[in-house]
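# below are the sequence and a predicted model for it; my questions follow.
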Amino acid sequence: MRLLAISDLHLALGANRSALDRITARPDDWLIVAGDVGETLAHVEFAWTILGPRFGRLIWVPGNHELWTRGEEAGPLRGAAKYERLVDLCRRYGVLTPEDPYALWPEDPEPTYIAPLFLLYDYTFLPDDVPIERAVEWAAETDVVCADELLLDPSPFASRTAWCHARCADASSRLDALPAGSRTVLVNHYPLRRDLAHLPRIPRFSIWCGTRRTEVWHQRYRARVVVSGHLHLRSTRWRDGVRFEEVSLGYPRQWRPERGVDAYLREIL
């Protein structure tokens, strides 16, 4: 039995949908899907119809793309309301979400909880000498502006920053309540540390990649592994003896479709 992970399936793209449909069944393994499954409820449901029968259990966290609203989903289905609809959809398919009790990994004598997190970002992944109120302007100086600025509505929160801080407070409270001595696998769409949010071609995109509030969570919550996506830069990094896995699939130009999705599943435990 293994715990596997992948993120950024981007099922709005036909090549990615076709590849996912050919994924090998692993009914004894659990699969983490760390955000950016797609951009609509239909994309997410498609993923669960394919993956649900092929894996023993699915664990999901949202990325920014799942939270976008435009076209037919405009109107009341925005921000937290869309997130709640996504959670309801996941639960219909038995997919574990950040709103559910953390699952205890059954294959380890040391209690290890798989903790799916939904934390967003607060623009603090920027240099210390750049005022936070200038973060988006600073990024735009290099022609970098995330589509979230138009498509990710934080309603009913006043801002994505406010939503991020509320999510961090809720998650830290739940993690603090784990039994003493527990280990964790922390799963979030965004990297938990600023030094891991480095995109060589678009470095100032970092402001849409996380929050400094989680910099030491890997130590505070005794993480065995930290799983994230979002960057489309697959990697294994180590910090303070903890393994950090970036598990993105990405757009077809960023992976080799002839290899299939199976080649991009990352073993976590």
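That came through fine.

# which stretches of the stretch 1-150 of the chain form helices?
14-20, 41-51, 79-92, 135-140, 148-151 (DSSP state H, counting those that start in this stretch).

# need the winner for burial among the ones you listed.
Counting by mean count of other C-beta atoms under 10 Å, helix 41-51 has the highest mean neighbour count of these, with a mean of 18. (Glycine included, C-beta is placed from N, CA and C.)

# circling back: ok, which of the helices of the stretch 1-150 of the chain comes nearest residue 257?
Distance to residue 257, taken as C-beta to C-beta, is lowest for helix 14-20 among the helices of the stretch 1-150 of the chain, at 5.4 Å.

# need the contact partners of the closest one.
With contact meaning C-beta atoms under 8 Å, 6 or more residues apart in numbering, helix 14-20 is reached by 9-11, 46-47, 50-51, 249, 251-252, 257, 260-261.

# now pLDDT and distance to residue 209 too, for those residues, in a markdown table please.
Formatted as a markdown table, these follow (pLDDT from 0 to 100; distance: C-beta to C-beta, whole Å):
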| residue | pLDDT | distance to residue 209 |
| --- | --- | --- |
| 9 | 98 | 19 |
| 10 | 97 | 17 |
| 11 | 97 | 22 |
| 46 | 97 | 27 |
| 47 | 98 | 23 |
| 50 | 97 | 28 |
| 51 | 98 | 26 |
| 249 | 97 | 18 |
| 251 | 95 | 17 |
| 252 | 92 | 22 |
| 257 | 87 | 26 |
| 260 | 91 | 28 |
| 261 | 95 | 24 |
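
# mind listing what residue 81 touches?
residue 155.

# distance-wise, check it relative to residue 67.
Residue 81 is 10 Å from residue 67, where distance means C-beta to C-beta, to the nearest Å.

# straight-line length of stretch 132-146, end to end?
16 Å (C-alpha to C-alpha, to the nearest Å).

# make sure residue 226 is indeed in a strand.
Yes - applying DSSP: H, G, I helix; E, B strand; the rest coil, one finds residue 226 inside a strand.

# surely residue 5 is in contact with residue 246?
No - using C-beta atoms under 8 Å, residue 5 is not in contact with residue 246; the gap is 9.8 Å.

# go through the helices of the stretch 1-150 of the chain and name the closest to residue 167.
helix 79-92 (9.8 Å).

# contacting residues around residue 153?
Counting by C-beta under 8 Å, 6+ apart, residue 153 has contacts 69, 78, 79.

# am I right that the last one is in contact with residue 158?
When you say that, I think you mean residue 79. No - using C-beta under 8 Å, residue 79 is not in contact with residue 158, being 10.8 Å away.

# re the thing from before, quick check, nearest of the contacts of residue 153 to residue 226?
residue 79 (26.2 Å).

# hang on, the earlier thing: so can I have TSV of the helices of the stretch 1-150 of the chain showing distance to residue 114?
TSV is the format used below for those (distance: least, C-beta to C-beta, whole Å):
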stretch	distance to residue 114
helix 14-20	22
helix 41-51	16
helix 79-92	15
helix 135-140	32
helix 148-151	27
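
# closest to residue 230 out of those helices?
Nearest of these (C-beta to C-beta): helix 148-151, 11.3 Å.

# now the next helix or strand after that closest one: buried residues?
Downstream of helix 148-151, the first helix or strand assigned by DSSP states H and E is helix 160-176. Buried residues in helix 160-176, counted by 16 or more other C-beta atoms under 10 Å: 160, 161, 163, 164, 165, 167, 168, 171, 172, 175.

# what sits up against helix 160-176?
Against helix 160-176 from outside (C-beta under 8 Å, 6+ apart): 79-80, 98, 102, 115, 117-123, 148, 152, 154, 157, 184, 211, 213-214, 217, 220-221.

# of those, just the buried ones, PyMOL syntax please.
Only the buried entries of the contacts of helix 160-176 go into this PyMOL selection, using 16+ other C-beta under 10 Å:
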select buried, resi 79+80+98+102+115+117+118+119+120+121+122+123+148+152+154+157+184+211+213+214+217+221
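
# so which of the contacts of helix 160-176 sit within strands?
Counted as lying in strands by DSSP state E, out of these, are 115, 184.

# what residues are up against the spatially most central residue of the chain?
Geometric centre of the chain, nearest residue: residue 189, 1.7 Å, by C-alpha atoms, centre = their mean. By C-beta under 8 Å, 6+ apart, the residues touching residue 189 are 7, 34, 35, 36, 61, 62, 63, 64, 118, 228, 229, 230.

# thanks again, I'm all set now.
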